[in-house]
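Asker: One predicted model, sequence on top.
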Amino acid sequence: MTDFIPVARTSDIPPGQVRYFDLLGAPIAICHVEDGGFYAIDDECTHDGGSLNQGELDEDQIECPRHGARFNVRTGAVITLPATLPLHTYPVRIEGNQILVNPIPNPVVRR
Ligand code: FES
């Protein structure tokens, strides 16, 4: 069983912002949705590898900066084309002011 890994402080990611992190060699993006939730997703768009940490976070949706695909950051599900495959999401735990992420992804959600 893999443990949660501390990756950032909550203050490192303001509400509505996204930051890139290396999680045991895997690129992830942590999204701070304005309702206060933190969500971890693959940083690579499933369409053609765009860096999602460079995308726009709009409530719980992120838009890829390359061709505009949108994903739900809570579930990884595709909202709009051209992406057709969902993102992996990762369990997040908050302990004090630390954001911890489990490198074992959540089950994939297609819709
Ligand atoms: S690489 Fe993300 S929409 Fe094309």
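Answerer: Nice, I can see it. Numbering: from 1, shown residues only.

Asker: Enumerate the beta-bridge partners assigned to the residue most central in space within the chain.
Answerer: By C-alpha atoms, centre = their mean, the chain has its centre lying nearest to Ile41, at 2.6 Å. For Ile41, the beta-bridge partners under DSSP bridges are Ala29, Thr89.

Asker: Quick one: residues contacting it.
Answerer: Ile28, Ala29, Cys31, Leu52, Ile62, Phe71, Val73, Gly76, Leu87, His88, Thr89, Tyr90 (C-beta atoms under 8 Å, 6 or more residues apart in numbering). Where you see a C-beta, it was placed from the backbone N, CA and C, and this is true even at glycine.

Asker: Could you measure from the second one over to Gly96?
Answerer: Yep, that's Ala29 we're talking about. Using C-beta to C-beta, to the nearest Å, one gets 22 Å for the distance from Ala29 to Gly96.

Asker: Please say which of those two ends up with more neighbours.
Answerer: A direct count of neighbours by other C-beta atoms under 10 Å for Ala29 and Gly96 places Ala29 higher, at 24 against 6.

Asker: That one is in contact with Gln54, isn't it?
Answerer: No: the pair Ala29 and Gln54 does not pass the contact test of C-beta atoms under 8 Å, sitting 9.0 Å apart.

Asker: Since that was my last question, I'll sign off now.
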